[in-house]
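**Student:** Predicted model and sequence follow; I will ask about them next.
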Amino acid sequence: MLRAHTVEQVRAAEATLLAALPEGALMQRAAHGLAYAVLDLLGGGYGRRVLLLVGSGDNGGDALYAGAVLARRGAYVEAWLLSDRAHQDGVAALREAGGRVIDPPLVEVRRAQRGASKPRRDFDVVVDGIVGIGGRPPLRPDAAAALDAVAGVPVVAVDIPSGVDVDTGELAGSHVTADVTVTFGTHKVAQLVDPAAQHSGVVHLVDIGLDLPEPALEALQPADVAALLPWPDPQAHKYTRGVVGVRAGSATYPGAALLSVAGADCGLAGMVRYVGDPAVVDRVREAHPDVVGDGRVQAWVVGSGSDSGAEEALQAALADEVPLVVDADALEFADLVTGLPAVLTPHAGELATMLGEDRVDVEARPLHHVRAAADVYGTTVLLKGRHSLVAEPGRPVRVTTTGIPWLATAGAGDVLGGVIGALLAAGLTPYDAASVGSWLHGAAATLASRGGPIVATDVARALPGVIATLPA
Ligand SMILES: NC(=O)C1=CN([C@@H]2O[C@H](COP(=O)(O)OP(=O)(O)OC[C@H]3O[C@@H](n4cnc5c(N)ncnc54)[C@H](OP(=O)(O)O)[C@@H]3O)[C@@H](O)[C@H]2O)[C@@H](O)CC1
Ligand SMILES: [K+]
């Protein structure tokens, strides 16, 4: 499991470790991990040109000590101090290793000579040690101006891209956009939650020995998905594996029925039932001959393309007192499932309507809003997006890191609802079903795409292939 902790949790763990270790040991661990990541990126040290942007705290200290390691490996290292209170021992270590501390005005002069519009390409990499977990967004104007002066050069962020909100992933103005972020002890929320996650680049975790509590956020990895998946046991028959029912689609939107069933019929449950308009039933049976009609189920999928029949479909499903996936048109009646075992699957616009908020604000603060929705409805909420979020009261938010931009295609959400329904029917909790289903859905999109465009049916077809590749 990939885990992300809050600044407060990191600080508490750090205090325990600091008390047990010789002074400076923790920073040395961080700085060496950072230096090796930079060497990796540059393919070596000798002859490479490195610019350190150094703020007033320990984040700048990490950059300075890493700069000293790089200088000893033959790199030309310059430090641009953005504060007159930069880490003094770090500055001394850099100088001793042959690195230089440059005069900021001198950089400005050089920039003026080049012409302000020309990117500064004479460095191979910029190391962003402006602020780490002690920073408050956004960047101050002097730091923002320094960044501007080096635009176009690859950036390695120290711990966190400076200027983003570490615990929420929100942006509030000027910030660093990193190619690589080297983070210490644990992932930070902003590296996984949009919009900040889009500015973290590739995240490299350096273990510095922190002993950490339950995280604020977690991301399933293939081994976690394999451990949670309902593998059939040797004695299994279709009913012990679970039956999932779909009440989606309508005469107006038959495609929603076909795609929801395609997701539910991915093979993770023992049987799929479909209930709907007779004309749609015929089309579903034609496409999926194994799908049967009404009867007992262990989970329902309700709402996509249900049109004016959404409330009725939801009420009918609720009568069976089994877990539900509530999607699309049925989300309007989500208060009917308050406190019940269910997965609500809104996108940002639908969540905004449910909470009476602005869509733009939901997109800017997805973590805040998905948590709020889970609290308001007292159940599991999956907020769909580039990195979908699954929230349930009292549990770490799970973030989906699988998926590709091509997955933003009509009907993909219907397939997702069906997959989650199959997992609920197979006995997973709503929290696990939502996060495992979302992970599989993203991985299936990647498998189906092979770099090219996909449509929703491709995602459904690729699901068994993803499951086959999971570690046993
Ligand atoms: N935790 C760990 O286990 C380990 C942590 N380590 C490292 O320590 C880092 C945390 O160091 P930290 O606590 O010294 O804070 P940090 O982020 O460097 O700077 C905060 C200072 O910056 C300033 N400032 C604030 N906002 C600003 C802004 N918007 N724009 C510009 N400046 C701004 C403000 O100072 P001011 O100028 O206001 O006096 C504030 O005091 C952590 O991220 C990691 O890299 C590793 O070495 C070892 C293991
Ligand atoms: K930083």
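**Tutor:** Alright, I've got the coordinates. Ligands and ions are numbered 1, 2, ... in the order given.
**Student:** List, one by one, the residues from the stretch 201-350 of the chain near ligand 1.
**Tutor:** 208, 210 (CB under 6 Å from any ligand atom). Quick note: C-beta positions are derived from backbone N, CA and C, even for glycine.
**Student:** Taking the stretch 201-350 of the chain, what residue is nearest to ligand 1?
**Tutor:** Using CB to the nearest ligand atom, the closest approach of the stretch 201-350 of the chain to ligand 1 is made by residue 208 at 5.5 Å.
**Student:** can you give me the strands in the stretch 101-250 of the chain?
**Tutor:** Using DSSP state E, counting those that start in this stretch, the strands of the stretch 101-250 of the chain run over residues 125-129, 155-158, 180-184, 187-188, 202-206, 217-219, 243-247.
**Student:** Mind putting these into TSV with mean neighbour count and distance to residue 261?
**Tutor:** Compiled in TSV, those are given as follows (neighbours: other CB atoms under 10 Å; distance: least, CB to CB, whole Å):
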stretch	mean neighbour count	distance to residue 261
strand 125-129	29	49
strand 155-158	30	45
strand 180-184	26	41
strand 187-188	26	37
strand 202-206	16	37
strand 217-219	22	29
strand 243-247	29	5
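**Student:** Redo the ones you listed as JSON lines? Include distance to residue 39 and mean pLDDT.
**Tutor:** Formatted as JSON lines, the strands of the stretch 101-250 of the chain follow (distance: least, CB to CB, whole Å; pLDDT from 0 to 100):
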{"stretch": "strand 125-129", "distance to residue 39": "10", "mean pLDDT": "98"}
{"stretch": "strand 155-158", "distance to residue 39": "11", "mean pLDDT": "98"}
{"stretch": "strand 180-184", "distance to residue 39": "11", "mean pLDDT": "98"}
{"stretch": "strand 187-188", "distance to residue 39": "22", "mean pLDDT": "98"}
{"stretch": "strand 202-206", "distance to residue 39": "12", "mean pLDDT": "98"}
{"stretch": "strand 217-219", "distance to residue 39": "27", "mean pLDDT": "98"}
{"stretch": "strand 243-247", "distance to residue 39": "51", "mean pLDDT": "98"}
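**Student:** Using JSON lines, please lay out those strands together with distance to residue 302.
**Tutor:** Listed next are the strands of the stretch 101-250 of the chain as JSON lines, based on distance: least, CB to CB, whole Å:
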{"stretch": "strand 125-129", "distance to residue 302": "47"}
{"stretch": "strand 155-158", "distance to residue 302": "43"}
{"stretch": "strand 180-184", "distance to residue 302": "40"}
{"stretch": "strand 187-188", "distance to residue 302": "35"}
{"stretch": "strand 202-206", "distance to residue 302": "37"}
{"stretch": "strand 217-219", "distance to residue 302": "28"}
{"stretch": "strand 243-247", "distance to residue 302": "5"}
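**Student:** that older thread, with ligand 2 as the reference, measure out to the residue of the stretch 201-350 of the chain closest to ligand 1.
**Tutor:** Going from residue 208 to ligand 2 by CB to the ion, to the nearest Å gives 16 Å.
**Student:** ok, that residue - how many residues close by?
**Tutor:** Using other CB atoms under 10 Å, residue 208 has 20 other residues around it.
**Student:** Wait, it touches residue 184, no?
**Tutor:** Yes - the criterion here is CB atoms under 8 Å, and residue 208 meets it with residue 184 at 5.1 Å.
**Student:** what do the two both touch?
**Tutor:** Taking CB atoms under 8 Å, 6 or more residues apart in numbering as the criterion, residue 208 and residue 184 both touch 29-30, 33.
**Student:** Could you pull up the residues touching the residue of the stretch 201-350 of the chain closest to ligand 1?
**Tutor:** Going by CB under 8 Å, 6+ apart, residue 208 touches 17, 26, 29-30, 33, 184-185.
**Student:** pLDDT score assigned to the closest residue in space to it that isn't next to it in sequence?
**Tutor:** Leaving out its chain neighbours, the residue that sits closest to residue 208 by CB to CB, 6 or more residues apart in numbering is residue 29, at 4.4 Å. Looking at residue 29, its pLDDT reads 96.
**Student:** Roughly how far does residue 29 sit from ligand 1?
**Tutor:** As for residue 29, its distance to ligand 1 is 7 Å (criterion: CB to the nearest ligand atom, to the nearest Å).
**Student:** ok so that residue is a strand residue?
**Tutor:** No - under DSSP: H, G, I helix; E, B strand; the rest coil, residue 29 sits outside any strand and is assigned helix.
**Student:** Out of the strands of the stretch 101-250 of the chain, which is closest to residue 359?
**Tutor:** strand 217-219 (22.9 Å; CB to CB).
**Student:** Which elements pack onto the closest one?
**Tutor:** With contacts defined as 3 or more CB pairs under 8 Å, 6 or more residues apart in numbering; DSSP states H and E, strand 217-219 has these neighbours: strand 2-5, strand 397-399.
**Student:** if I look at the residue lying closest to residue 205 once chain neighbours are set aside, how far off is residue 43?
**Tutor:** With sequence-adjacent residues excluded and distances taken as CB to CB, 6+ apart, residue 205 is closest to residue 183, at 5.6 Å. Separation of residue 183 from residue 43 (CB to CB, to the nearest Å) stands at 22 Å.
**Student:** what do you get for residue 308?
**Tutor:** Counting by CB to CB - residue 308 and residue 43 are separated by 61 Å.
**Student:** start to end distance for stretch 74-85?
**Tutor:** Stretch 74-85 has its terminal residues 27 Å apart, counting by CA to CA, to the nearest Å.
**Student:** Hmm, I typed the wrong one, I wanted stretch 143-156.
**Tutor:** Counting by CA to CA: the opening and closing residues of stretch 143-156 are 15 Å apart.
**Student:** can you tell if it touches ligand 1?
**Tutor:** Yes - taking CB under 6 Å from any ligand atom as the criterion, stretch 143-156 and ligand 1 are in contact, through residue 143.
**Student:** so where is the stretch 51-200 of the chain shaky, pLDDT-wise?
**Tutor:** 103-121 (pLDDT under 70).
**Student:** Now for the residue of the stretch 151-300 of the chain found nearest ligand 1: which residues touch it?
**Tutor:** Closest contact between the stretch 151-300 of the chain and ligand 1, by CB to the nearest ligand atom, is at residue 159 (3.7 Å). The contact partners of residue 159, by CB under 8 Å, 6+ apart, come to 30, 59, 62, 132-133, 181-184, 188.
**Student:** Let's see that with 7 Å instead.
**Tutor:** 59, 132-133, 183-184 (CB atoms under 7 Å, 6 or more residues apart in numbering).
**Student:** got the phi/psi numbers for it?
**Tutor:** Backbone torsions for residue 159, taken as degrees, to the nearest 10, come to phi 70, psi -50.
**Student:** Identify the residue spatially nearest to it, adjacent ones excluded.
**Tutor:** That would be residue 132: by CB to CB, 6+ apart, it lies 4.0 Å from residue 159.
**Student:** what does residue 63 give?
**Tutor:** Leaving out its chain neighbours, the residue that sits closest to residue 63 by CB to CB, 6+ apart is residue 129, at 2.7 Å.
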